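A.B. asks: Sequence first, then the predicted structure, then my questions.
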Amino acid sequence: MRFYPTALQRDLIKRHIGPFIFTFLTIMFLLLMQFLMLYIDKLVGKGIPTSIVLDLIFSNLAYMVVLAVPMAVLVSTLMAFGRFSELNEFTALKAGGVSPLKVILPLIYLSVLLSLALAWFSNYVLPEANYHARSLFIDIRMKKPGFDLKPNTFYNGISGYTFLVKRIDSQTDSLYDVTLFQEQNKNHDFAVIKSKEGYLKSEKDEETLTLYLYHGHLLRYLPQQVGQPKLTDVTNFKKYRISFDISQLAFSRSNPDRYSRDDRTMSAQAMVAVIDTLKGQIQNARSNFEKTNSPLAINFKKSKNATNFSHYYKKDSTSVKPPVKTQFVVLNQVKNLKQEEDLAQNGIEQLRQTIINFENLGVNLEWRQKRKAEYKVEVHKKLSIPFGCIIFVLIGAPLGLLTRKGNLGYAALICAITFTFYWLSLIQGEKLADRMYITPFWSMWFGNIVLGIIGILLLIKIQREHFFTR
């Protein structure tokens, strides 16, 4: 059975397109600005090629798409159905005996298709984009492009020199209270250069950086002769210039395939395979422990009786003495005290080793359980966020019809409240699941379930009003 939307339904779909595109682009712009504010100072003016900066920005657009699409769905749904109700079209619809569900149904179908497309994007495109972006970040950090001076922080990014600057004027790039430590090599002695102010200038070849210093002094430590005192040479200057070779700081790309993947850079299928591997490792660790440790030792984390054998020991154990009656059946079978002591000591050592093995097993299993939980959270996230498109249609359509407001400001207010709850549930749920306080399922689906229930209740409300007014 095929579904053919009516003219009214097609009109509502068209009303969604404009707000959806506008909201999507607006949210993408805001997320992009947030990204740039966090990283622009580490990218611009550091000698990184413009193509690399654009590549990094483009790679990070993938996660922004996953966040922006559900938000745009909710805003466009609220605006379209709010406008539909504000113009009394919904009232006329109810008077004509048309069920509200028939009007909402096409949008639910479209949200299902959109959620499937977003799930595919999250599973196949997003991991590769994250992996590519991470490799770029690693290359930028490892190759140390540019000159990254910070106030009151030692900087040794240039071989042979250490910088300390107390204040940097961000508008003029002037440096104040500069201290430069020059290491000793075959070309010059160890020296300390201090000046009241200065500035850095990049030369045209882009491989030379020149430091201009004003009103300071140079303290040079001369080579010490055998049997002679240390000599220093102090030179005052009004202007001093020193050039640095920064060709080693030039950016170059490494092979991204050499980096390992984590949960953010893997598809759901790959993470399920890792989860199965971790399950097998957990079972093997438990089996090996049970094979190498007796059942009796497993149940003894601490043995009070094992530490109470010391009062049976005698300093003089060379002579054969009769055994001491104990509460342990095995010890009572030996013929003399020396054998009894040796057997007891051997049992204590075995118990101690079993305790150590048991603690190591606990640490091993806990680490693998946490890793398994992290991967499960990411698997559920790849489905829960795209499924939010359906949830936001279920909650946005009846809210728009009931509020009778189709303007952007009203829709933005409702979205702000809804998404604050939704993203907090995802972020906090992920943290709790990673620490194994809650299951990965509830960490990623709690927000969808709560909002879905609210949406269904709102749909029931407008449907009951439809039946009562007929």
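C.D. replies: In hand now; what should we look at?

A.B. asks: and residue 163, that one's in a strand?
C.D. replies: Yes. When DSSP: H, G, I helix; E, B strand; the rest coil is applied, residue 163 is found to be in a strand.

A.B. asks: per the record, what domains does this structure have?
C.D. replies: For the chain, automatic domain parsing gives the domain ranges 7-145+378-468, 161-249, 265-375.

A.B. asks: can these go into TSV with extra columns for mean pLDDT?
C.D. replies: Shown next, in TSV, are these (pLDDT from 0 to 100):
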stretch	mean pLDDT
domain 7-145+378-468	85
domain 161-249	79
domain 265-375	71
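
A.B. asks: which of those sits most buried?
C.D. replies: Of the domains of the chain, the one with the most neighbours on average (mean count of other C-beta atoms under 10 Å) is domain 7-145+378-468, at a mean of 18. For glycine as for every other residue, the C-beta is placed from the backbone atoms N, C-alpha and C.

A.B. asks: wait, doesn't residue 393 sit right on residue 112?
C.D. replies: No. The criterion here is C-beta atoms under 8 Å, and residue 393 misses it with residue 112 at 9.1 Å.

A.B. asks: Of the domains of the chain, give the one that comes closest to residue 153.
C.D. replies: domain 161-249 (7.6 Å; C-beta to C-beta).

A.B. asks: Please report how far residue 176 lies from residue 169.
C.D. replies: Separation of residue 176 from residue 169 (C-beta to C-beta, to the nearest Å): 7 Å.

A.B. asks: wait, residue 132
C.D. replies: Distance from residue 132 to residue 169, counting by C-beta to C-beta: 37 Å.

A.B. asks: What of residue 214?
C.D. replies: As judged by C-beta to C-beta, residue 214 and residue 169 stand 14 Å apart.

A.B. asks: Dump the domains of the chain to JSON lines, plus distance to residue 152.
C.D. replies: Below are these laid out as JSON lines (distance: least, C-beta to C-beta, whole Å):
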{"stretch": "domain 7-145+378-468", "distance to residue 152": "17"}
{"stretch": "domain 161-249", "distance to residue 152": "6"}
{"stretch": "domain 265-375", "distance to residue 152": "36"}
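
A.B. asks: host element of residue 64?
C.D. replies: helix 50-86 (DSSP states H and E).

A.B. asks: For that helix, enumerate the helices and strands it packs against.
C.D. replies: helix 7-43, helix 89-95, helix 100-120, helix 126-143, helix 337-403, helix 408-434 (3 or more C-beta pairs under 8 Å, 6 or more residues apart in numbering; DSSP states H and E).

A.B. asks: Go again with 7 Å.
C.D. replies: Here helix 50-86 touches helix 7-43, helix 100-120, helix 126-143, helix 337-403, helix 408-434, going by 3 or more C-beta pairs under 7 Å, 6 or more residues apart in numbering; DSSP states H and E.

A.B. asks: which one of those helices lies closest to residue 440?
C.D. replies: Closest among those, using C-beta to C-beta: helix 337-403, at 3.7 Å.

A.B. asks: chain center to the closest one, what's the gap?
C.D. replies: Its chain's average C-alpha position is 18 Å from that of helix 337-403, according to C-alpha atoms, centre = their mean, to the nearest Å.

A.B. asks: With adjacent residues omitted, what lies nearest to residue 100?
C.D. replies: Spatial nearest neighbour of residue 100, excluding adjacent residues (C-beta to C-beta, 6 or more residues apart in numbering): residue 462 at 5.0 Å.

A.B. asks: Just list whatever residues bridge to residue 243.
C.D. replies: residue 210 (DSSP bridges).

A.B. asks: I'd assumed residue 202 was in contact with it.
C.D. replies: No. Using C-beta atoms under 7 Å, residue 243 makes no contact with residue 202, being 10.9 Å away.

A.B. asks: List the contacts of the residue nearest the centre of the chain.
C.D. replies: The centroid of the chain falls nearest to residue 264 when counting by C-alpha atoms, centre = their mean (7.9 Å). Residue 264 is in contact with 130, 378, counting by C-beta atoms under 7 Å, 6 or more residues apart in numbering.
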